[in-house]
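A.B. asks: Provided below for reference: sequence and predicted model.
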Amino acid sequence: MWRVIQVPESIPMERLHRVIQIAMGWQETHLHEFIIGKLRYGTPDPEFDAPGSVISEKGVALAKALGSGRRFRYTYDFGDDWGHTLTVEERGAGSEIPPQARCLAGENACPPEDVGGPPGYAHFLEAIADPSHEAHRDMLDWCGGGFDARKFEVGSVNRKLKRLRVS
């Protein structure tokens, strides 16, 4: 699955987190972090993080955190370990980034929360596709009766993003 999203360079990292959650279809029920170069941005947890190992993302603009970099990582749900590689693309000459986030394109549905990371998702897809699979009925019940891995609606994402203030 992939998404192309457009955000202003001034977007604070905590808002970028929300944009990613909406664009991907995550439910924001787990921790996350951005890894840019050797720095980690997120919500520092004094019980688990060594002092200074995670920089608070609050109020840090994407452009400032990125510096001259073009690629960085976003990890969501440290148990399932959903890794996202984000690439900042050059914008065309004369084009302006609107002040509102929007999704330009994407493909495939987001995996269900708590499915067990990439290996669990592969097992889930295998089970729901095969009525003779021993976990077929349990997996369908667990996900609410059906799941279309190819479903993605850019319009639905943009309606949700429109309600999000990015500055």
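C.D. replies: That came through, no problem.
A.B. asks: C-alpha only now, for contacts and for neighbours.
C.D. replies: OK.
A.B. asks: For G42, see how far away the spatially most central residue of the chain is.
C.D. replies: With distances taken as C-alpha atoms, centre = their mean, I20 lies nearest the centre of the chain, 3.9 Å away. Note on I20: its distance to G42, by C-alpha to C-alpha, to the nearest Å, is 14 Å.
A.B. asks: With D138 instead?
C.D. replies: From D138 across to G42, the span is 35 Å (C-alpha to C-alpha).
A.B. asks: how close does L62 sit to P12?
C.D. replies: Shown here: L62 relative to P12, a distance of 6 Å by C-alpha to C-alpha.
A.B. asks: same question but for D80, I mixed them up
C.D. replies: From D80 over to P12 the distance is 25 Å, taken as C-alpha to C-alpha.
A.B. asks: Y74 too?
C.D. replies: Distance from Y74 to P12, counting by C-alpha to C-alpha: 14 Å.
A.B. asks: residue furthest from the geometric center of this protein?
C.D. replies: The chain, farthest from centre, C-alpha atoms, centre = their mean: S132 at 32.8 Å.
A.B. asks: Settle it for me: which of D138 and G42 has more neighbours?
C.D. replies: Legend: neighbour count by other C-alpha atoms under 10 Å for D138 and G42, higher for G42 (20 against 14).
A.B. asks: mind checking the end-to-end distance for stretch 106-124?
C.D. replies: 22 Å.
A.B. asks: go on, stretch 6-18?
C.D. replies: Distance between the two ends of stretch 6-18: 13 Å, counting by C-alpha to C-alpha.
A.B. asks: Now do the buried residues in that stretch.
C.D. replies: Of the residues in stretch 6-18, 6-8, 10-18 count as buried by neighbour count, 16 or more other C-alpha atoms under 10 Å.
A.B. asks: Contacts made by it with the rest, please.
C.D. replies: 42, 57-63, 97-104, 165-167 (C-alpha atoms under 8 Å, 6 or more residues apart in numbering).
A.B. asks: And stretch 28-42, by the same measure?
C.D. replies: With contact meaning C-alpha under 8 Å, 6+ apart, stretch 28-42 is reached by 14, 21, 43, 53-58, 65-66, 69, 71-78.
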